[in-house]
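Participant: Got a predicted structure plus its sequence, pasted below:
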Amino acid sequence: MSILQKLDQLIAQLNQYQNLSIAISGGIDSMLLCYVAHAYSSAKVLAVHAASPAVPKAAFERVERFAREQNWPLKIIDANEFSDPDYLKNPANRCYFCKSNLYSRVASVSVGAIASGTNMDDLSDYRPGLKAATENKVVHPYVDAQLKKSDIYALAEHLNIKDLERLPAQPCLASRVETGLNIVAEDLSFIDHCETQVRQFLPNIADVRTRMTHSGVYVELSELPPQQILSQLSQLIKQICQSNDYLFAGVRLYQKGSAFLTEDKFYAAV
């Protein structure tokens, strides 16, 4: 199927809704969905963004800029997840509590259907947030159009949205905190600061994650630089950790979902 046919398929799904509120995080999935819905569908679209310590500052700024440039109606909300003790305890199903708070707040400020940027690839991962989506009758237009992550990047390139087609996956900052460690706003602010500093040091690096673990702070990179540069980077991160009273544990290769611990891994870590 050509990229134009996939775009038509997505628009056909979006046209089913008279009013559509799209929960946008600042990542490529939800941002592109909002772009296509607003520019090409017949739905009356409202973009809703939950401002939170778990959202990187750059993502929040991207949401505001896109909304301004594309004339999206935008509503900024507080999803209140930091008032939820079940979320703050950071269990393995933390995303369920986060999304439950988010979708109930979106419903309280909007009319019509609520849409997420979930795509076909997400269905094969462990994503407790999908249970919250089902409970809140959230629709998934990418899934209904059978679109994968690679299709989303291809659509961004086809539509010439440069900012999005180069954007790496950017899960929320809470996903960097190892299961069982409490979610603390100050820790998330530190994670965002540390990743920003690392990206300034290595501007061409694809993926950076600052992992808050039971044994200290690890920085994960999609590719380790040569030894001399790695030593300089390690020294920089160590100084950032020390000045913020965190224990630096090292730099290692990026491992998707490494902060998520199953029960066996959790008891090995504590």
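Facilitator: Here it is on my side, so go on. The shown structure was predicted, so the numbers you read here are calculated from the model rather than taken from an experiment.

Participant: Strands of the stretch 151-270 of the chain, start to end?
Facilitator: For the stretch 151-270 of the chain, applying DSSP state E, counting those that start in this stretch gives strands covering 208-213, 216-221, 248-253.

Participant: Let me know which of those strands is tucked in deepest.
Facilitator: Comparing the strands of the stretch 151-270 of the chain by mean neighbour count (mean count of other C-beta atoms under 10 Å), strand 208-213 comes out on top with a mean of 22. Where you see a C-beta, it was placed from the backbone N, CA and C, and this is true even at glycine.

Participant: re earlier: Ser52 is nearest to which of the strands of the stretch 151-270 of the chain?
Facilitator: Of all the strands of the stretch 151-270 of the chain, it is strand 208-213 that lies closest to Ser52, at 16.6 Å by C-beta to C-beta.

Participant: Give me the angle between the closest one and strand 248-253.
Facilitator: 130 degrees (axes from the mean of the first three to the mean of the last three C-alpha atoms, to 10 degrees).

Participant: For strand 208-213, name the packing helices and strands.
Facilitator: Applying 3 or more C-beta pairs under 8 Å, 6 or more residues apart in numbering; DSSP states H and E, we find strand 208-213 packed against helix 185-201, strand 216-221.

Participant: Please produce JSON lines containing those, extended by distance to Gln9 and mean pLDDT.
Facilitator: Converted to JSON lines, the helices and strands packed on strand 208-213 look like this (distance: least, C-beta to C-beta, whole Å; pLDDT from 0 to 100):
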{"stretch": "helix 185-201", "distance to Gln9": "35", "mean pLDDT": "97"}
{"stretch": "strand 216-221", "distance to Gln9": "36", "mean pLDDT": "97"}
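
Participant: and the ones you listed, which is most packed in?
Facilitator: Ranked by mean neighbour count under mean count of other C-beta under 10 Å, these are led by strand 216-221, which reaches a mean of 20.

Participant: which helices and strands sit right next to that strand?
Facilitator: Contact partners of strand 216-221 among helices and strands, from 3+ C-beta pairs under 8 Å, 6+ apart: helix 185-201, strand 208-213, helix 227-243, strand 248-253.

Participant: Neighbouring strands of it in the sheet, and parallel or not?
Facilitator: Using DSSP bridges, the strands paired with strand 216-221 in its sheet are strand 208-213 (antiparallel), strand 248-253 (parallel).

Participant: Thanks a lot, see you next time.
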